[in-house]
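Undergrad: Have a look at this prediction, sequence included:
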Amino acid sequence: MSIFVLVHGAWHSGWAWEKVAPLLEAAGHRVETPDLPGYTMGGPVPTEITLGAYADRVAELLDSLSEPAILVGHSMGGTVISEAAERRPDGVKVLIYLCAFLLADGVSLAQISQQDSHSLVTQNLKIDEERGVVTIPEGVVRDAFYGECPADLATWAQARLVPQPIAPFLEPLSLSEANFGRVPRVYVECLRDRAITPALQREMYTQVRCQEVMSIDTDHSPFLSRPAELARYLLSLAKA
């Protein structure tokens with residue numbers, strides 16, 4: 001048995017993994033799908049939320065586990081799992097970046113996103129400086145995140161999105177070879193992704209080397225559009 005910790009991306013929360021987690025559990029594994037701080041539907045958005053707070057939440061979860069975890073990060077969650085591995089390298093068996101931001105030390109999500117000129121998210125991001133959050137226009141969300149999902153599933157997911165605190169986007173990562181650098185890394189690229197384009201995904205996993213790269217021919221949300229295929233990939237990595 002392995003322990004999977006599945007970390008959601010921006011605007012989402014732990015519900016994103018509802019179709020994948022049962023498939024991993026059915027294969028005999030334990031699955032944790034934590035909500036990062038500040039992602040309560042219908043609640044206020046805490047402006048003091050930082051990338052460090054996200055990573056601390058995951059690190060605390062790793063501390064509570066009986067063995068090193070397979071740590072999966074989707075999209076923005078990639079920055080979170082990198083920082084969590086820096087804090088608890090011995091608590092992580094492998095890092096899996098699911099169409100995620102895989103950044104080098106000293107780089108922020110906002111910095112690298114600016115390079116992705118064809119991203120529907122980059123093109124349409126709305127910054128609310130007064131509230132300290134970023135949003136995406138409703139009319140863009142489906143094409144950006146859920147383009148390969150059935151319409152009813154895309155509608156279900158979109159209704160659960162919440163505003164995203166901006167501070168974690170702006171915070172550069174602080175990583176070392178001694179900690180983050182010694183944890184094995186795998187990248188799962190999504191070839192129809194319109195939020196983080198395949199070109200940027202390839203650039204990231206070329207600059208920050210991974211032991212393995214896998215591909216899924218789908219959108220930015222394979223946990224909804226291709227849950228069975230994603231689960232097979234994750235299970236194969238658990239056996240490795």
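TA: Looks like it came in fine. Numbers count the residues shown, from 1 in each chain.
Undergrad: spatially speaking, which residue is in the middle of this structure?
TA: Compute the mean C-alpha point of the chain, and by Cα atoms, centre = their mean the closest residue is H74, 2.0 Å away.
Undergrad: wait, isn't that residue in contact with V5?
TA: No: H74 lies out of contact with V5 (Cβ atoms under 8 Å); the separation is 11.9 Å. In this view, the C-beta of every residue, glycine as well, is placed from N, C-alpha and C.
Undergrad: Could you verify my assumption that A157 touches P150?
TA: No: in this structure A157 lies outside contact range of P150 using Cβ under 8 Å: 10.5 Å.
Undergrad: can you pull out the strands in the protein?
TA: With DSSP state E, the ranges of strands along the chain come out as 3-7, 30-32, 69-74, 92-98, 126-128, 133-135, 164-165, 185-190, 212-216.
Undergrad: Please report the distance of the residue of the chain most remote from its centre from I166.
TA: The outermost residue of the chain, judged against the average C-alpha position, is E130 (26.0 Å), by Cα atoms, centre = their mean. Applying Cβ to Cβ, to the nearest Å, the value for E130 to I166 is 11 Å.
Undergrad: do the same with D217
TA: 32 Å.
Undergrad: how far does stretch 164-184 stretch from start to finish?
TA: Stretch 164-184 has an end-to-end distance of 29 Å (Cα to Cα, to the nearest Å).
Undergrad: Go through stretch 12-28 and flag the buried ones.
TA: H12, S13, G14, A16, W17, K19, V20, A21, L23, L24, A27 (16 or more other Cβ atoms under 10 Å).
Undergrad: and the nearest residue to A55 once chain neighbours are set aside, how many residues sit next to it?
TA: Spatial nearest neighbour of A55, excluding adjacent residues (Cβ to Cβ, 6 or more residues apart in numbering): E83 at 3.5 Å. Neighbourhood size, E83 [other Cβ atoms under 10 Å]: 25.
Undergrad: Let me know the pLDDT of E83.
TA: We note a pLDDT of 99 for E83 in this prediction.
Undergrad: What residues does L23 make contact with?
TA: P227, A228, A231 (Cβ atoms under 8 Å, 6 or more residues apart in numbering).
Undergrad: Would you list the buried entries among these?
TA: Here, 16+ other Cβ under 10 Å leaves P227, A231 buried among the contacts of L23.
Undergrad: Tell me if I'm right that L161 and W11 touch.
TA: Yes: when contacts are counted by Cβ under 8 Å, L161 is listed as touching W11 (4.4 Å).
Undergrad: Noted, bye for now.
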